[in-house]
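Visitor: Model the structure of this input:
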Amino acid sequence: MTPPASAPAVSLSGSHRSIALPVGGAGWRRLAAFMGPGFLVAVGYMDPGNWATDIAGGSAFGYTLLSVILLSNLMAIVLQALSVRLGVAAGLDLAQACRAYYSKPVSLVLWLLAEVAIIACDLAEVLGTAIALQLLFGIPLVWGVIVTALDVFLILALQRYGFRKIEAFILALLVIIAGCFAFELFYAKPDISAVLAGLVPTPGIVTDPAKLYLAIGILGATVMPHNLYLHSSIVQTRAFAPTDEGKAEAAKLATIDSTIALGLAFFINAAILIVAAAVFHTAGRTEIAEIDEAYRLLAPMMGVGAASVVFGVALLASGQNSTVTGTLAGQIVMEGFLNLRLPVWLRRMVTRLLAIIPAVFVVGLSGDGGATRLLVLSQVVLSLQLPFAVVPLVLFTGQTRVMGRFVSPLWLRIVAWTIAAIIIGLNLTLLIGML
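Guide: Got it, this is the predicted structure:
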C-alpha cells in the first residue's frame, strides 16, 4: 500500500458532519445522538432477499439453519464494527480508502464488483416490493417491478429534510416489520427447544449440497458487501471532535448503535425462518420456497385470518426500507471510488433500471415462480462479492499507516481474518459444487 496523495472529497457532502452532538450531559444523551446509522445498516440484513432464503431454509430443513443466521449475525457485528473504526479514525469510507491506497486498476475492479453487489441487492428490493404489491393489491408482478422505479422520488423527498429524518423513517419501518413478526411468532407457536437446538451448528450444513447452497445464500443475505461501504460513510454524519478522545468515544458509541441494531436484524431474520419451520416444515410442506406461496398458506395453516396480510405489510416495509439504504450505498460507492458526483435521481434510476431489466425478463419468461428463485440467486451473488469488500476492510483497519493509534488490536485482526477465511471458504465450496 502507498499513502494517499491527497484527501478525497467527502461522500454524501450534504450530510457529512451535519448532526451536532450534545455537549456534556448524561451518557445516554450522547449515545442517543449516535443512534441511527446502525439501523440504516441493519436494513440490509433483513431485506427481501433474506425472506426468500429464510423461508426456503425453514420449510425445507426446519430450524437447522438458525445457526447459520446466528453465525452470520455475529460476523456482521464484527465487520460493521471495523467499518465504524475506518470511518471514524481514518475519516475515509471503504470506497475512498480503496481509491486512495490501491492502484487505479485494482480500485476500478473493486468498484465494478461493488456495483454488481449493489445491483444484486437492488434486484432483491425490486422483486420483494413487487411481490408485496401483488400480494396486497393484486398488481401483476411485471407491473409491480416497473412501479418500483418511482420510489426514487421517496429518496429525494427524504433527503430534503436532513439525515436525521431519513433515520427516523427507517426506524419507523423497522418497528413495523418487528411488530409484524412478533405477531406471526405468537400465533405460529414454535417448539422452543427445537429453536434452541437449531442455534447449534451441525456438520450436515456443509456436507449437504442443498443445505450449503441455502446457507451461503443466508450468509450473502445477512453479511452484505454494500453495508461495509455504507456504514463507514454514514458514521461520519456525526460532528464528533476530531481529537483522539473524540474519535474513541465516537467509535465506541457508534459500535454500540450497530450492535443493538443488528440484534434487531437477527430477531427478524430468525423469526422469518422460525415461522416457516413452525408452520410449513412441521406440517410436511417442505417444498415451500416462494414468498407468494408462504403468503397464501400462512393464514389457513396458522388459523389466523390476518397472518397473510401482516406478512405482506412487513414485506412491503422491508422493500421500501432497503430502497433508501441501497440508494445511499450506491451514491457512496460511486463518489468514493470514482470521485464522481451524479444527481441522486440519476444515480438511482441507473441502478434501478439495471435491476428492473433482468427482473422483467425473468418474470416474463418463467412467470411469477421465477421471482423467488431470482431472489435467492441474487443473495448468492452477494455472498460471492463479499470477499472483495471484507478483505480490503480487514487490511485497512489492521494498517497503522491508515488507522494511526486506532489500528485493530491483534485479537480483533485474528477474528476478522478468521471471518474472511470462512466467507472465502464457503464461497469456494459453492463454486466448486456449481462447477
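Visitor: Can I get the one helix or strand Leu297 maps to in CSV, CA atoms only?
Guide: In this structure, Leu297 is located in helix 291-302 according to DSSP states H and E. Included here for helix 291-302 are C-alpha records, laid out as CSV according to Å, rounded to 0.1, in the frame of the first residue of the first chain:
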residue,chain,number,x,y,z
ILE,A,291,-42.7,-15.9,-0.9
ASP,A,292,-46.2,-15.8,-2.6
GLU,A,293,-46.8,-19.4,-1.5
ALA,A,294,-45.9,-18.6,2.1
TYR,A,295,-48.3,-15.6,1.9
ARG,A,296,-51.2,-17.7,0.7
LEU,A,297,-50.7,-20.5,3.1
LEU,A,298,-49.9,-18.7,6.3
ALA,A,299,-53.5,-17.7,7.1
PRO,A,300,-55.1,-21.1,6.5
MET,A,301,-52.3,-23.1,8.1
MET,A,302,-52.0,-20.9,11.2
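Visitor: which parts of it are buried?
Guide: Within helix 291-302, the residues that qualify as buried by neighbour count (16 or more other C-beta atoms under 10 Å) are 291-295, 297-299, 301-302. Any C-beta I mention is one placed from the backbone N, CA and C, and that applies to glycine too.
Visitor: Summarise which helices and strands it is packed against.
Guide: helix 48-61, helix 104-137, helix 163-188, helix 244-279, helix 307-338, helix 369-385 (3 or more C-beta pairs under 8 Å, 6 or more residues apart in numbering; DSSP states H and E).
Visitor: residues in contact with the next helix or strand after the last one?
Guide: What it means is helix 369-385. Tracing the chain C-terminally past helix 369-385 and defining elements by DSSP H and E, one meets helix 387-397 next. Here helix 387-397 makes contact (C-beta atoms under 8 Å, 6 or more residues apart in numbering) with 1, 79, 82-83, 85-86, 90, 94, 97-98, 101-102, 110, 113-114, 117, 223, 225-226, 228-229, 232, 402-403, 407-408, 413, 416-417, 419-420, 423-424, 427.
Visitor: just to revisit the earlier point, identify, out of the helices and strands packed on helix 291-302, the most deeply packed stretch.
Guide: Neighbour counts (mean count of other C-beta atoms under 10 Å) averaged over each of those peak at helix 48-61, with a mean of 29.
Visitor: So which residues make contact with stretch 118-128?
Guide: With contacts defined as C-beta under 8 Å, 6+ apart, stretch 118-128 is touched by 44, 47-49, 51-52, 145, 148, 221, 224, 226, 291, 315, 318-319, 322-323, 326, 329-330, 333, 351-352, 354-356, 358-359, 371-372, 374-375, 378-379, 381-382, 385.
Visitor: want to throw the helices and strands packed on helix 291-302 into a markdown table with mean pLDDT and distance to Pro37?
Guide: Compiled in a markdown table, those are given as follows (pLDDT from 0 to 100; distance: least, C-beta to C-beta, whole Å):
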| stretch | mean pLDDT | distance to Pro37 |
| --- | --- | --- |
| helix 48-61 | 84 | 20 |
| helix 104-137 | 86 | 18 |
| helix 163-188 | 89 | 7 |
| helix 244-279 | 93 | 6 |
| helix 307-338 | 85 | 10 |
| helix 369-385 | 72 | 21 |
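Visitor: out of the ones you listed, nearest to Phe34?
Guide: Evaluated with C-beta to C-beta, the helices and strands packed on helix 291-302 place helix 244-279 nearest to Phe34, the distance being 4.0 Å.
Visitor: so how far is Leu386 from Gly38?
Guide: Between Gly38 and Leu386 the distance, using C-beta to C-beta, to the nearest Å, works out to 20 Å.
Visitor: And Phe183, how far from Leu196?
Guide: Computed with C-beta to C-beta, the distance linking Phe183 and Leu196 is 22 Å.
Visitor: got the angle for the helix holding Leu297 vs helix 244-279?
Guide: Using axes from the mean of the first three to the mean of the last three C-alpha atoms, to 10 degrees, the direction of helix 291-302 lies 60 degrees away from that of helix 244-279.
Visitor: and helix 291-302 with helix 104-137, angle?
Guide: Using the same axes, to 10 degrees, one finds that helix 291-302 and helix 104-137 are set 40 degrees apart in direction.
Visitor: Residues in contact with helix 291-302: which ones?
Guide: Residues external to helix 291-302 that are found in contact with it (C-beta under 8 Å, 6+ apart): 48, 51-52, 55, 59, 128, 131, 134-135, 184, 187-188, 275-276, 279-280, 283, 285, 288, 304-309, 311-312, 315, 368, 371-372, 375.
Visitor: now do 6 Å
Guide: Outside of helix 291-302, the residues that reach it under the criterion C-beta atoms under 6 Å, 6 or more residues apart in numbering are 51, 55, 131, 135, 187, 279, 288, 305, 307-308, 311-312, 372.
Visitor: Kind regards, and thank you for your time.
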